[in-house]
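Chemist: requesting a structural model of the entry that follows:
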Amino acid sequence: MSAARDQADIDRVLAGETSAFEGIVRRWQGPLVNLAYRFCRDRSRAEEMAQEAFLRAFRSLPKWRREAAFSTWLFALATNLYSSELRRFPMKTVSLEDIPDPPQGYTAEGQLEQRDQDRALRAALYTLPAKYREALILFYFHEMDVPAAALSLGIPEGTVKARLSRGRALLRARLSRRMPALVLGKEG
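Modeler: Numbering: from 1, shown residues only. Model prediction:
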C-alpha cells in the first residue's frame, strides 16, 4: 500500500534520513510529471515542474499536517505550483481556427477518427481559461472526484462543480461546429 510506504518514508526523512525521500520520488514521479504535462503540454517543461514540486514537497514536509493522505497534499502542492508557473510563464496557445480539420473518410477502424477527436478536444481544452482547464484536467485526465479536485485546487467543492459545468459548456460550444458528434460525458 503506497500510503503506508509514503508514511514510513516521510517519518524516516523527518528523522534525518533524507535519502528516504527517494522512495517518494520513485512512487510519485510519473503521476506528477503527467499532471504537469496536462498543464503545459511540454514534456521537458513538465519534468522540470515536477522536479520543482518534489523540491518544494521535501522542504515543506514538516508542514504536512497529516489531515489528508500524503498523495492529496502532494497533488495540491503540485497543482498550485503548476498553476503559478503557467501564470508566470504562459504557454503558447493556438487558435482553434488554426487547427486543421480532421481528414474525412480515412479511418482504420475508427482509430484515426478517435485520435483526431482526442486532438481536437485537447486543443480546445487548452484554449480555456486556466480555472476551467485545471478543474477539467484533474477530473477527467487524473480521474479525481470532486472532493479530491477541490482539495487539490484549494477551493470549495461547489466551485469545482461550477467550473466543471462551465468548462464543459465552453468546450461544447467550441467543439460543436467542428465535431458535432463529440460527446462530453462523465458528469460531476
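
Chemist: contacting residues for Ala36?
Modeler: Arg45, Ala46, Glu47, Met49, Ala50, Ala53, Ala78, Tyr82 (C-beta atoms under 8 Å, 6 or more residues apart in numbering). Bear in mind the C-beta positions are built from the backbone N, C-alpha and C, glycine included.

Chemist: that one and Ala162, how far apart?
Modeler: 25 Å (C-beta to C-beta, to the nearest Å).

Chemist: equivalent analysis for Tyr132, please.
Modeler: Counting by C-beta to C-beta - Tyr132 and Ala162 are separated by 10 Å.

Chemist: before we move on, the earlier item: out of the contacts of Ala36, which end up buried?
Modeler: Taking 16 or more other C-beta atoms under 10 Å as the criterion, what is buried in the contacts of Ala36 is Arg45, Ala46, Met49, Ala50, Ala53, Ala78, Tyr82.

Chemist: for whichever helix or strand the third one is part of, give the mean pLDDT please.
Modeler: Assigning secondary structure by DSSP states H and E places Met49 in helix 43-60. Model confidence over helix 43-60 averages 93 on the pLDDT scale.

Chemist: who touches it?
Modeler: So helix 43-60 is contacted by 13, 18, 21, 24-25, 28-29, 32-37, 39-40, 74, 77-78, 81-82, 85 (C-beta under 8 Å, 6+ apart).

Chemist: buried ones in stretch 77-89?
Modeler: Buried residues in stretch 77-89 (16+ other C-beta under 10 Å): Leu77, Ala78, Thr79, Leu81, Tyr82, Ser83, Glu85, Leu86.
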